[in-house]
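1. sequence? don't have it. structure:
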């Protein structure tokens, strides 16, 4: 099976927007967020720091939800009308983050498509093109709907991709993520099957290997554990000398948009498998820093949206 | 006479003891003998249940589907049980095919504080007319009040019963009594117990559970299970008989079953090894034993130190990947100390 390969695996990453750019920007990209749970509220808080994005509408269903209250306090326009808020005023935004659930997104997708809005889907719905900025940021702008896979997918697929780039024969990939129970909200808990399905699909897509497995573990320990992800691969012959610099480069690329992404077990060969482990410490915006799972998918989504903003500025200079 | 429902996970938990290498011949032989002995439920599969065959936990010799088909065709009176942990197995990929093959009893497991992850899997099993039980793993890590709240969630999802799993073999009889009094008093559905023998308490704890109102017990032939093994089935049946509980299991036939199991199914009979004792004291899941043995050799650390450190890190079932990280950490710390000298 042919596999998309970078010409030079050690080439510097391209396409990321420097968020602290001091140049004056023409106009920020207007984004709406639908879903006022952990993911949506954290996105809203991160967007306030962005030089190229502006949250023009934050949408939930319950006016008293913690997320909507927080948004109001921060002066962000809010609605509790759900998807209807966008149907009523599609002109308020150019881009929608859907942070509801896989089942809800399946309903939202045709509506948003008909309205001509670009969508970054945070749920494991598998509707849109799979987006992992460290791998395929530059191919995403053309898609109306992109999907951020899952927290475990964002943490693991770049490492699996690095293995695929440096090993000719990989029989099998496996990804195990442990997250703090406190960081898993009701939608996450109800969507474990979709999480597994979507993460495994992304692993297959980005490695070209048909045989993948994903496991997710919730750990209630106090103090809460930080997200950890282990990537294992069954390879014909391990080439750690080739793999290590490619992995280092990949980690550096991810750290450009997820500052708390850290390799804690660099690639080793153990029990006939290549194995490595990362820990993700969050920025501590809506949930505390242990919620690296929330942070990595949201940081990836922000990096994607900022790239879209950059593409639009290039296309339509004001 | 008080009745106790016996469920036999020899061919599921016992798979841990052989790194998930049970073969079809062994599964068929055990199922025929268990059926003959009148075991109500025979649970079959990878040690961690459906779809758990992995580098993380160990690959299975026989795929899930084949294990279940072999078991199904060798059970007539006994019901076929499967175990599934959401986060490992999914409804579409794993549970639906298992039910299609003929699983009668579905046990849906979660860590003892995460019952809400079992809602959809329990509901699916019930919808398809199967007996559905909610299993709370590592039940030493939560208070009786927390366990009751979690069991009530499973009750609300339609569970036919709940089973506390002492996955680390960490509980003592008084701990079991305390938990069962609270659960039996606060639930409308039967409560069961799944013991591990790390501290030699598997039978005593199982009896404490039924004496406090528990109505379901798990036992495995010769105690064949992860780490130090489970409550030894044939001993359990004998002790329950002595205490006047009815199990509808023929004593001689279950004794014969245990001999067949020892001869045909297990390479070695489980005993309480030092690392299992430490695992029980540290409250670390029994399934870690073989991984700790291997990794402690590779990184030249004391497996007992490794277990105690894993206990301090409060790892839960399925987190076998953390063993390497903790072993490397212990090795680094040891090297730092020896350099400082």
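-> Everything's here; your move. Keep in mind it's a predicted model, so treat the numbers as computed, not measured.
2. does the residue nearest to residue B:216 when sequence neighbours are not counted count as helix, strand or coil?
-> Counting by C-beta to C-beta, 6 or more residues apart in numbering or on different chains, residue B:216 lies nearest to residue B:192, which is 2.7 Å off, once chain neighbours are set aside. Yep, even glycine has a C-beta here, placed from its N, CA and C like the rest. Three-state assignment for residue B:192 (DSSP: H, G, I helix; E, B strand; the rest coil): strand.
3. so residue B:74 sits against residue B:35, correct?
-> Yes: counting by C-beta atoms under 8 Å, residue B:74 does reach residue B:35; the two are 6.8 Å apart.
4. the two: which is more packed in?
-> residue B:74 (21 against 17; other C-beta atoms under 10 Å in any protein chain shown).
5. tell me how far residue B:90 lies from chain A.
-> To chain A, residue B:90 is 4 Å away according to C-beta to the nearest C-beta, to the nearest Å.
6. residue B:45: neighbouring residues, count only.
-> Residue B:45 has 31 nearby residues by other C-beta under 10 Å.
7. give the contact list for it.
-> B:11, B:12, B:15, B:52, B:64, B:67, B:68, B:82, B:83 (C-beta atoms under 8 Å, 6 or more residues apart in numbering or on different chains).
8. what's the domain layout of chain B?
-> Here the domain parsing of chain B from automatic domain parsing is B:5-264, B:274-340.
9. make CSV out of those domains and add mean pLDDT.
-> Formatted as CSV, these follow (pLDDT from 0 to 100):
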stretch, mean pLDDT
domain B:5-264, 98
domain B:274-340, 95
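10. which SS state does the residue in the stretch 101-250 of chain B positioned nearest to chain A fall under?
-> Closest approach between the stretch 101-250 of chain B and chain A, counting by C-beta to the nearest C-beta: residue B:113, at 4.4 Å. What three-state DSSP gives for residue B:113 is coil.
11. now do it against residue A:155, distance only.
-> With distances taken as C-beta to C-beta, to the nearest Å, residue B:113 is found 23 Å from residue A:155.
12. so those two - more neighbours on which side?
-> More neighbours surround residue A:155 than the other of residue B:113 and residue A:155, with 30 against 21 (other C-beta under 10 Å).
13. chain neighbours aside, what residue packs nearest to the more buried one?
-> residue A:229 (4.0 Å).
14. the one you found belongs to a strand?
-> Yes: according to three-state DSSP, residue A:229 belongs to a strand.
15. wouldn't it be in contact with residue A:280 here?
-> Yes: the pair residue A:229 / residue A:280 is scored as a contact, 7.3 Å apart, by C-beta under 8 Å.
16. contacts only, for the residue nearest to residue B:45 when sequence neighbours are not counted.
-> Counting by C-beta to C-beta, 6+ apart, residue B:12 is the residue found nearest to residue B:45 once chain neighbours are left out, at 4.8 Å. Counting by C-beta under 8 Å, 6+ apart, residue B:12 makes contact with B:43, B:44, B:45, B:46, B:47, B:49, B:81, B:83.
17. if we can go back for a sec, give me the distance between the residue of the stretch 101-250 of chain B closest to chain A and residue B:131.
-> With C-beta to C-beta as the criterion, residue B:113 and residue B:131 are 24 Å apart.
18. where exactly do the helices run in the stretch 151-300 of chain A?
-> A:151-166, A:186-190, A:192-207, A:240-257, A:292-315 (DSSP state H, counting those that start in this stretch).
19. one more: chain B?
-> B:10-17, B:24-37, B:64-73, B:96-101, B:119-127, B:144-156, B:173-186, B:202-211, B:233-242, B:251-264, B:274-282, B:289-298, B:303-312, B:322-340 (DSSP state H).
20. give the other helices and strands that the strand or helix carrying residue A:110 contacts.
-> Per DSSP states H and E, residue A:110 falls inside helix A:102-114. If contacts are counted by 3 or more C-beta pairs under 8 Å, 6 or more residues apart in numbering or on different chains; DSSP states H and E, helix A:102-114 sits against helix A:84-88, strand A:95-98, strand A:118-121, strand A:145-147.
21. looking at the ones you listed, which one is packed in the most?
-> Mean neighbour count (mean count of other C-beta atoms under 10 Å in any protein chain shown) peaks for strand A:95-98 among the helices and strands packed on helix A:102-114, with a mean of 26.
22. contacting residues around that one?
-> Looking at strand A:95-98 with C-beta under 8 Å, 6+ apart, the contacting residues turn out to be A:29-35, A:40, A:43, A:86, A:104-105, A:108, A:112, A:117-123, A:301, A:305, A:308.
23. could you measure from residue A:251 over to residue B:227?
-> Relative to residue B:227, and taking C-beta to C-beta, residue A:251 is found at 36 Å.
24. and stretch A:227-247, what's buried?
-> A:227-235, A:238-239, A:243, A:246-247 (16 or more other C-beta atoms under 10 Å in any protein chain shown).
25. now do it: distance from first to last residue.
-> 19 Å (C-alpha to C-alpha, to the nearest Å).
26. also stretch A:85-98?
-> 13 Å.
27. can you check stretch B:98-114 too?
-> 23 Å.
28. now do that stretch: distance to the chain's middle.
-> 12 Å (C-alpha atoms, centre = their mean, to the nearest Å).
29. give the next helix or strand downstream of the helix or strand harbouring residue A:33.
-> Per DSSP H and E, residue A:33 falls inside strand A:29-34. Note on strand A:29-34: by DSSP H and E, the next helix or strand toward the C-terminus is helix A:38-47.
30. what does that following helix rub up against?
-> A:31, A:33-34, A:53-55, A:58, A:60, A:66-67, A:70-71, A:74, A:76, A:97, A:99, A:122, A:183, A:185, A:283, A:285-287, A:291, A:294-295, A:297-299, A:301-302.
31. mind giving me the ChimeraX command for buried ones among these?
-> Entered in ChimeraX, the line below selects the buried ones among the contacts of helix A:38-47, by 16+ other C-beta under 10 Å:
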select /A:31,33,34,53,55,58,60,67,70,71,76,97,99,122,183,283,285,286,287,291,294,295,297,298,299,301,302
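32. quick check: residue A:202 touching residue A:149?
-> Yes: counting by C-beta under 8 Å, residue A:202 touches residue A:149, with 4.5 Å between them.
33. what residues are shared contacts of the two?
-> Contacts common to residue A:202 and residue A:149, judged by C-beta under 8 Å, 6+ apart, are A:130, A:132, A:157.
34. which phi and psi does residue A:209 have?
-> phi -100, psi 130 (degrees, to the nearest 10).
35. go on, residue B:75?
-> phi -120, psi 130.
36. chain B contacts on chain A?
-> By C-beta under 8 Å from any C-beta of the partner chain, the residues of chain A that approach chain B are A:172, A:174, A:176, A:178, A:181, A:186, A:189-190, A:192-193, A:196-197, A:213, A:215-222, A:225, A:228, A:230, A:232, A:234, A:264-265, A:268, A:270-271, A:273, A:275, A:277.
37. check those residues for burial and list the buried ones.
-> A:172, A:174, A:176, A:178, A:181, A:189-190, A:192-193, A:196-197, A:213, A:215-221, A:225, A:228, A:230, A:232, A:234, A:265, A:270, A:273, A:275, A:277.
38. which ones among those residues map onto strands?
-> Residues of those located in strands (DSSP state E): A:172, A:174, A:176, A:178, A:213, A:215-219, A:228, A:230, A:232, A:234, A:265, A:270, A:273, A:275, A:277.
39. of the domains of chain B, flag the one that's most buried.
-> Neighbour counts (mean count of other C-beta under 10 Å) averaged over each of those peak at domain B:5-264, with a mean of 22.
40. end to end on stretch B:100-112, go ahead and measure it.
-> 29 Å.
41. swap in stretch A:284-301?
-> 16 Å.
42. ok, stretch B:92-103 next?
-> 15 Å.
43. name the residues of the helix holding residue A:110 that are buried.
-> Buried residues in helix A:102-114 (16+ other C-beta under 10 Å): A:102, A:104, A:105, A:108, A:109, A:112.
44. just how off-centre is it within its chain?
-> For helix A:102-114, the distance to the chain centre is 19 Å (C-alpha atoms, centre = their mean).
45. try stretch A:110-127
-> 15 Å.
46. and that stretch, end to end?
-> 10 Å.
47. ditto for stretch B:265-279
-> 25 Å.
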